[in-house]
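>>> Need the 3D shape of this:
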Amino acid sequence: MLKNNLKIAWRNLNRNKSFSVINILGLAIGISTCLVLMLFVENELSYDRFNKKADQIVRVIFRGSAAGGEMNEANVMPPTAQALKADYPEVLEGTRLRHGGTPLFTYHDKTFNTDQFAFADSNFLEVFTLPLIKGNSKTALLHPNTAVISEAMAAKYFGGEDPIGKVLFNKSYNSSYKITGVMEKIPVNSHFHFDLFVSMAGNPEAKDPSWMTSNFYTYLVLPKGYDYKQLEAKLPQVVEKYMGPQVQKAMGLTFAEFKQKGNRLGLNLQPLTDIHLHSNLSGELEAGGDIKYVYIFSAISIFMLIIACINFMNLSTAGASKRAKEIGIRKVLGSEKIELVKQFLTESVLLAVLALAVSVLLVLAALPLFNQLSGINLSLDISKHVWFIPGLLFFGLFVGLLAGSYPAFVLSSFKPVLVLKGKFTTGNKTTGLRSGLVVFQFFISITLIVCTTVVYKQLIYIQNKELGYQKDHVLVLPSTYFLGANEKAFYNQLIQDSRITSASISGYVPAGASYSNNFLVYPDNNTSQLVKTLRYEVDYNYVQTLGMKITRGRNFSKDYGTDSAGVILNETAVRIFGWDKNPMGHTITRTDNNGNKITLNVIGVVKDFHFKSLRERISPLVMTLGNNSGTIILKMKTTDVSSLISFIKSKWDSYNTGASFVYSFLDDSFNKDYKSELKIGKILAVFSGLTVLVASLGLFGLAMFTARQRTKEIGIRKVLGASVFSITSLLSKDFIKLVLVALLIASPLAWYVMNTWLQDFEYRTNMQWWMFALAGVLAILIAFITISFQAIKAALANPIKSLRTE
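Numbers count the residues shown, from 1 in each chain. All right, here's what the predicted structure looks like:
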């Protein structure tokens with residue numbers, strides 16, 4: 001019987017090729033889109049979960065506030081792990097990580113530099129699941145100047161040699177490291193990636209008792225099932241016990257007085273599995289994701305699947321309605337109801353299974369493109385996704401049974417006498433349901449179109465925003481500290497070239513990688529007003545090189561011998577200090593680590609510039625004159641940039657540092673800060689297009705069904721003189737009304753969602769009426785084109801043929 005049902009089902013598919021192709025293609029696109037997005041969501045949620053103790057590990061973070069701004073840091077003070085381990089028995093282990101910068105290494109005749117270098121405590125490899133291919137994870141980092149390298153680094157620099165026992169020399173730190181272990185590659189879904197771990201025992205900073213500096217990423221292991229918030233509630237006592245006395249020594253205030261002035265310093269705990277998606281901290285080891293995008297793409301995948309299923313069910317029921325006479329004849333010839341039910345369910349499940357097969361092919365074809373678009377590496381590995389095949393089969397069976405339930409149970413129940421007399425109708429309820437489903441499809445499509453438009457509008461706003469500095473034609477050389485004492489000579493060689501109009505030596509760059517230095521100051525030595533600022537250490541040419549504008553006073557100048565005790569403020573600092581009328585002549589005072597007060601005189605005000613992301617409000621900033629080295633910033637004036645870079649590289653190579661020549665363009669660094677938004681915009685655009693495509697396929701199928709159902713009516717109207725335009729309008733207007741209803745429903749939701757998204761940016765575009773109008777016009781235009789194809793075809797048909805068929 002099953003074989004017979006399959007044979008009949010296959011014949012019906014061949015007989016109705018248009019419906020079949022639309023049905024299969026629409027459902028396949030929906031399933032494949034859902035699968036790709038679910039792989040993305042699964043990848044985002046999997047970060048750091050490869051660690052066996054993932055649910056027990058928390059990171060200690062620093063949060064505080066002082067007049068002028070918030071402090072939210074991913075790293076904390078050197079003694080934090082030791083103090084918490086000693087004071088609280090629930091802390092089973094404490095371990096630290098310290099980024100080692102980008103030093104220069106040598107091994108025999110090989111020289112290389114890497115930024116994948118960190119210092120780690122001896123128990124780091126036991127806390128985190130980082131298996132060693134060679135060596136013992138318990139002892140590999142136990143002794144000073146021992147190191148563990150990745151398998152990739154071992155292959156690159158040691159080839160076929162066994163690296164164990166070999167010695168790497170760190171030229172920048174003037175230290176030698178003995179290799180005691182080789183580890184497997186750190187999984188992609190980790191919040192840190194390093195190729196070289198060196199024992200913390202050999203780092204003098206690791207023993208620093210200061211609670212006033214924060215350079216260490218600190219992790220704790222808690223008991224299984226322990227609520228980390230219980231320990232977090234005790235941390236204010238730790239801050240007061242250890243940090244309080246040092247605050248008093250540095251600032252001359254008791255910790256209680258410090259807090260009474262509205263300041264706050266505190267330690268918090270962050271679960272390891274929250275770091276990638278839930279962190280808003282500065283100083284992260286790597287850029288993280290955003291849980292909001294996980295929610296957005298989860299919703300898109302679900303809605304896309306729903307739209308595809310709606311199409312499938314709509315077209316299945318519409319197509320089955322044409323077979324009412326077939327049902328009547330089969331019942332007259334003795335077919336039982338159960339046989340008809342099985343027949344319709346078999347056809348529906350067969351369509352769903354074919355769609356599943358097509359969707360798998362689409363996923364395999366689309367993943368490389370999605371990976372290129374998103375910048376991540378997803379794969380459909382059946383061994384890792386054991387749920388995939390059972391899930392697909394269950395889904396196909398479910399959708400097939402659901403879509404086939406209407407023709408199976410409703411049409412098979414009609415009396416054959418009424419059906420054969422032509423008195424069968426689908427009824428208003430069925431038509432109303434189909435209309436509701438069309439509205440839902442275009443409601444989702446319009447919402448996504450609006451969201452995509454707003455994202456791109458914000459990206460355009462970011463690109464055109466007045467930043468307060470010139471990012472174009474600026475070249476940044478970030479590793480000039482490798483030159484050592486030759487840095488100034490290299491700088492002097494470069495500025496001799498006429499293609500370089502200005503140059504500055506400073507590691508403080510307003511976009512991309514930059515030094516960072518917090519500054520707590522008292523305006524006019526007023527100890528009742530403590531203000532947290534950011535400090536930029538610059539040279540005489542910094543302001544000119546970056547095209548900044550001095551609005552009051554003057555820039556640093558060699559003509560003034562006292563500028564080493566001078567300071568330039570940004571406009572925000574002037575406002576917060578309350579010096580709007582005339583900041584000249586005022587002073588700011590800071591206290592060094594030894595409790596000594598240092599006073600600086602205000603000599604100028606620089607126009608506010610964005611030295612952080614546009615997600616953050618401009619905070620107070622002070623510029624001091626200094627000999628900060630390590631990075632050279634160049635302002636270029638040439639159309640042949642590659643030639644200039646070749647010239648600079650030749651000068652770099654002449655110093656034989658052994659380090660690679662590295663450069664970046666400031667505008668590229670700025671754009672990279674918004675890389676995630678750009679990716680999201682592209683992904684949204686693609687999936688908005690797919691959603692509209694699937695909705696249009698459904699609409700096309702329904703228009704085809706409607707035109708066939710009204711063949712006799714169209715023929716009579718043509719005989720009575722109706723034009724092609726009037727018939728097209730007749731068949732189109734009902735669908736266009738549904739799209740307009742969808743626009744009215746989608747607009748408030750789209751406004752709410754994107755207004756919430758824009759709140760992440762302190763500086764943002766405004767949502768305007770034309771964004772919603774554009775989405776509506778696009779949806780109506782697409783719907784009209786889709787419907788018109790069938791409507792015009794029906795209107796142009798010979799009325800004699802249409803009336804004869806009836």
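
>>> Apart from its chain neighbours, what residue comes closest to Arg552?
Among residues not flanking Arg552 along the chain, Val605 sits closest, at 4.1 Å (C-beta to C-beta, 6 or more residues apart in numbering). C-betas here are computed from N, CA, C, even on glycine.

>>> Helix, strand or coil: sort out the one you found for me.
strand (DSSP: H, G, I helix; E, B strand; the rest coil).

>>> Please name the residues that touch it.
By C-beta atoms under 8 Å, 6 or more residues apart in numbering, Val605 lies in contact with 550-553, 568-571, 574, 583.

>>> Could you measure from it over to Gly658?
43 Å (C-beta to C-beta, to the nearest Å).

>>> my guess is Gly135 meets Val148, correct?
Yes - in this structure, Gly135 is within contact of Val148 by C-beta atoms under 8 Å, at 6.7 Å.

>>> hmm, back to that, quick check: beta-bridge partners of the residue nearest to Arg552?
Arg552, Leu569 (DSSP bridges).

>>> Report pLDDT for it.
Val605 carries a pLDDT score of 94 in this model.

>>> For it, give its distance to Leu530.
Distance of Val605 to Leu530, computed by C-beta to C-beta: 21 Å.

>>> tell me the contacts of the nearest residue to Val538 once chain neighbours are set aside?
Leaving aside its chain neighbours, Val538 sits nearest to Ser506 (4.9 Å; criterion: C-beta to C-beta, 6+ apart). Ser506 is in contact with 536-539, 542, 628, 631, 633, counting by C-beta under 8 Å, 6+ apart.

>>> Just those residues: which are in helices?
Using DSSP state H, the subset of the contacts of Ser506 located in helices is Tyr542.

>>> quick one: which of the contacts of Ser506 is nearest Leu475?
Nearest to Leu475 out of those is Ile633 (C-beta to C-beta; 7.6 Å).

>>> Might one say that that closest one is in contact with Val476?
Yes - between Ile633 and Val476 there is a contact under C-beta under 8 Å: 5.6 Å.

>>> Name the residues contacting each of the two.
509, 666.

>>> and those two? which has more neighbours close in?
Between Ile633 and Val476, Ile633 has the larger neighbour count (other C-beta atoms under 10 Å), namely 25 against 21.

>>> Distance-wise, check that one relative to Leu546.
7 Å.

>>> which residues do those two both contact?
Residues touching both Ile633 and Leu546 by C-beta under 8 Å, 6+ apart: 474, 504.

>>> Farthest pair within the contacts of Ser506?
Farthest pair in the contacts of Ser506 (C-beta to C-beta) is Glu537 and Ile633. Separation: 13.1 Å.

>>> Read off the pLDDT value for Pro78.
92.

>>> How about Asn798?
68.

>>> in the stretch 201-350 of the chain, what spans have low per-residue confidence?
Low-confidence segments of the stretch 201-350 of the chain, defined by pLDDT under 70: 250-252, 316-325, 330-331, 333-335.

>>> list the contacts for the residue nearest to Ser660 when sequence neighbours are not counted?
Nearest residue to Ser660, sequence neighbours excluded (C-beta to C-beta, 6+ apart): Asn113, at 6.3 Å. Applying C-beta under 8 Å, 6+ apart to Asn113 gives the contacts 102-105, 479, 482, 658-660.

>>> I'd like to know how far Asn43 sits from Gly391.
Asn43 sits 17 Å away from Gly391, going by C-beta to C-beta.

>>> quick one: which of those two has more around it?
Higher neighbour count among Asn43 and Gly391: Asn43, with 18 against 13, using other C-beta under 10 Å.

>>> Tell me the secondary structure at the more buried one.
Per three-state DSSP, Asn43 ends up helix.

>>> per-residue confidence at it?
In this model, Asn43 carries a pLDDT of 88.

>>> you'd agree it is up against Leu378?
Yes - using C-beta under 8 Å, Asn43 is in contact with Leu378, at 6.1 Å.

>>> Run a quick neighbour tally on Leu744.
By other C-beta under 10 Å, the residues close to Leu744 number 13.

>>> no, scratch that, I was asking about Ser282
When counting by other C-beta under 10 Å, one arrives at 14 neighbours for Ser282.

>>> Kindly report the same for Ile603.
Counted with other C-beta under 10 Å, the neighbours of Ile603 add up to 25.

>>> what's the closest non-adjacent residue to it?
Closest residue to Ile603 apart from its sequence neighbours, by C-beta to C-beta, 6+ apart: Gly566 at 4.1 Å.

>>> Report pLDDT for the one you found.
90.

>>> Now do it against Leu168, distance only.
Counting by C-beta to C-beta - Gly566 and Leu168 are separated by 44 Å.

>>> Looking at these two now, which is surrounded by more residues?
Between Gly566 and Leu168, Leu168 has the larger neighbour count (other C-beta under 10 Å), namely 23 against 19.

>>> Quick check: that one touching Ala147?
Yes - contact criterion C-beta under 8 Å: Leu168 and Ala147 qualify, at 6.5 Å.

>>> any residues in contact with both of those two?
Shared contacts of Leu168 and Ala147 (C-beta under 8 Å, 6+ apart): 177, 179, 196.

>>> out of these, which are inside strands?
Taking DSSP state E, the ones among the shared contacts of Leu168 and Ala147 that sit in strands are 177, 179, 196.

>>> Tell me what the first one is bridged to.
With DSSP bridges as the criterion, the beta-bridge partners of Tyr177 are Leu168.

>>> ok, it touching Pro144?
No - using C-beta under 8 Å, Tyr177 makes no contact with Pro144, being 9.4 Å away.

>>> Those two: who's more crowded?
With neighbours defined as other C-beta under 10 Å, Tyr177 and Pro144 compare such that Tyr177 has more, 24 against 14.

>>> and the gap between that one and Asn123?
18 Å.

>>> Could you do Gln230 as well?
23 Å.

>>> more neighbours, those two?
Shown here are Gln230 and Asn123; by other C-beta under 10 Å, Asn123 has more neighbours (20 against 12).

>>> what pLDDT does that one get?
pLDDT for Asn123: 94.

>>> Excluding covalently adjacent residues, which one is nearest to it?
Take Asn123 and drop its neighbours on the chain: the residue closest to it by C-beta to C-beta, 6+ apart is Thr95, 5.1 Å away.

>>> For that neighbour, name its beta-bridge partners.
Residues in a beta bridge with Thr95, per DSSP bridges, are Tyr219.

>>> neighbours of it, just the number please.
For Thr95, using other C-beta under 10 Å, the count is 23.

>>> With the one 10 residues further on instead?
Each residue near Phe105 was counted by other C-beta under 10 Å, and the total is 22.

>>> now swap in Phe394 and tell me
Here the number of neighbours of Phe394 (other C-beta under 10 Å) works out to 11.
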